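J.: What would the 3D arrangement of this be:
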Amino acid sequence: MAPQPHIKLYTDSTPNGIKITTALEELGLPYELEHLDISTLRQKEPWYLEINPNGRIPAIVDTFDDGQSIRVFEGGSILQYLTDRYDPEHKLSFPKGSREYYECNNWLFFQHGGIGPMQGQASHFLRYAPTKIQHRGLVLGDLWPLCGRSLGSVPKSAKVLGIKSDDPEGAAKYQQRHADWVFKGMQADQQAFGQN
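T.: Down below sits the predicted model:
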């Protein structure tokens, strides 16, 4: 039998926050919810930084039967904690050591380390960024040799996300410059590896 939870959840109604509320509900666990309106930066206040030093939601505090508490933050870590501690019937999880357990971890960490942060950044800048920065041509100028190459896929990513450029001609030039650079690299690779 699973231990009795004494969970306080600190969250907002964001995709990252809602997944914890959903897991708690699906596991049938009692919890106290404290709403942190992230638009007011309440999650950056000193009292909350004691719970999550990263100043983000969600986070939980669970008090064990002996009165000792544990803070758990980061969505993936909270989900893993909840299922490890409170899901002995494996309603949401898989037995530790099973193939499914590790496959599930692959996807959990992929979402947490890849998709989630990108989605969060896109949402922030599309919805909440206070100032729209006007396009200024090729901003990188003399920095193109390294920085421009590193950022070369940004215009394509923007297109995939449905973000339209204020300067389609400038964006096209940027993409062409990046394509030329990639083509040059491909030619060098082919020569180095003896391919035509």
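
J.: and the gap between residue 62 and residue 168?
T.: 52 Å (C-beta to C-beta, to the nearest Å). Glycine gets a C-beta too; all of them are placed from N, C-alpha and C.

J.: mind checking how far the closest residue to residue 35 other than its chain neighbours is from residue 114?
T.: Nearest non-adjacent residue to residue 35, counting by C-beta to C-beta, 6 or more residues apart in numbering: residue 12, 6.6 Å away. Computed as C-beta to C-beta, the residue 12 to residue 114 distance reads 22 Å.

J.: Mind checking which of these two has more residues around it?
T.: Per other C-beta atoms under 10 Å, whichever of residue 12 and residue 114 has more neighbours is residue 12, with 18 against 10.

J.: Between residue 62 and residue 168, tell me which one has more neighbours.
T.: Using other C-beta under 10 Å, the more surrounded residue of residue 62 and residue 168 is residue 62, with 22 against 10.

J.: What helices and strands are in contact with the helix or strand that contains residue 84?
T.: Residue 84 belongs to helix 75-86 when assigned by DSSP states H and E. Applying 3 or more C-beta pairs under 8 Å, 6 or more residues apart in numbering; DSSP states H and E, we find helix 75-86 packed against helix 15-26, strand 59-63, helix 99-110.

J.: Report the next helix or strand after the first one in sequence order.
T.: Looking back up the chat, that one is helix 15-26. Downstream of helix 15-26, the next assigned helix or strand under DSSP H and E is strand 31-35.

J.: got a list of contacts for that next one?
T.: 5, 7-12, 21, 24, 60 (C-beta atoms under 8 Å, 6 or more residues apart in numbering).
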